[in-house]
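In: What follows is a predicted structure for the sequence shown.
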Amino acid sequence: MRCAAITKAQERCKAEATHGSYCWNHAPEMAEARKQRARKAGRAGGNGRLSGLSETAEAKRWIRDLVAKMIKGEVDRGVATAAFMGFNVLARYIELERKIVEQEMILERLEALEDVQEEGSGMGASWGA
C-alpha cells in the first residue's frame, strides 16, 4: 500500500506505507525520530572541530614561547629551527585531520539525506522531482 501523504508538489507520496497509512517520512508518530536524525546529521563531526581548535591553540602557545626564548637567547637557534620544522609538520597534519573530519561529516549528512529521500519518495525517485 502506498503512503497517503500529499507532498509539497501536491502529489501523493510514492513511498510504501510502513506506519499505518503513512511511510516513515510522513508518519506523525515518527516526527520526533526524524528531528533527532536531522539534529544528529547536523552535529556530525562536531567534537572533532573542538579538539582541532584546542590543538591549534596549544601549538600557538608553544610557538610563541619558543620565539620568546630564542630571542632572549634561552634556546639555541638550531634547536628552535628544528622545533619549527616539527610545528610545520604538525600544522599539516592538523589541516589534514580537519579535512578528513569535514569529509566524514559531509558523507554522514549525505547518507542521512539519502535515507530520508528513499523513505519519503520511494526507491528510484530523483532529487527535485
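Out: Done, it's in. Here the structure is a predicted model, which means the values were calculated and not measured.
In: Which residue lies nearest the spatial centre of the chain?
Out: With distances taken as CA atoms, centre = their mean, the residue of the chain nearest its centroid is residue 105 (2.4 Å).
In: Least confident secondary structure element in the chain?
Out: Scoring the helices and strands of the chain by mean pLDDT, DSSP states H and E places helix 31-43 at the bottom, with a mean of 71.
In: Secondary structure element holding the residue nearest to the centre of the chain?
Out: helix 77-121 (DSSP states H and E).
In: Contacts only, for residue 103.
Out: Contact analysis of residue 103 by CB atoms under 8 Å, 6 or more residues apart in numbering lists nothing. Where you see a C-beta, it was placed from the backbone N, CA and C, and this is true even at glycine.
In: no no, residue 26
Out: For residue 26, the contact set (CB under 8 Å, 6+ apart) comprises 3-5, 13, 15, 120.
In: so when I look at it, I'm seeing a helix, right?
Out: No: if the criterion is DSSP: H, G, I helix; E, B strand; the rest coil, then residue 26 is coil and not within a helix.
In: Quick check on it: phi, psi?
Out: phi -110, psi -10 (degrees, to the nearest 10).
In: distance of it from residue 1?
Out: Taking CB to CB, to the nearest Å as the measure, residue 26 falls 13 Å from residue 1.
In: Kindly report the same for residue 28.
Out: Taking CB to CB as the measure, residue 28 and residue 1 are separated by 17 Å.
In: Skipping adjacent residues, who's closest to residue 20 in space?
Out: Leaving aside its sequence neighbours, residue 20 sits nearest to residue 27 (CB to CB, 6 or more residues apart in numbering; 6.8 Å).
In: swap that for residue 21, sorry
Out: Using CB to CB, 6+ apart, the nearest residue to residue 21 is residue 4, at 4.2 Å.
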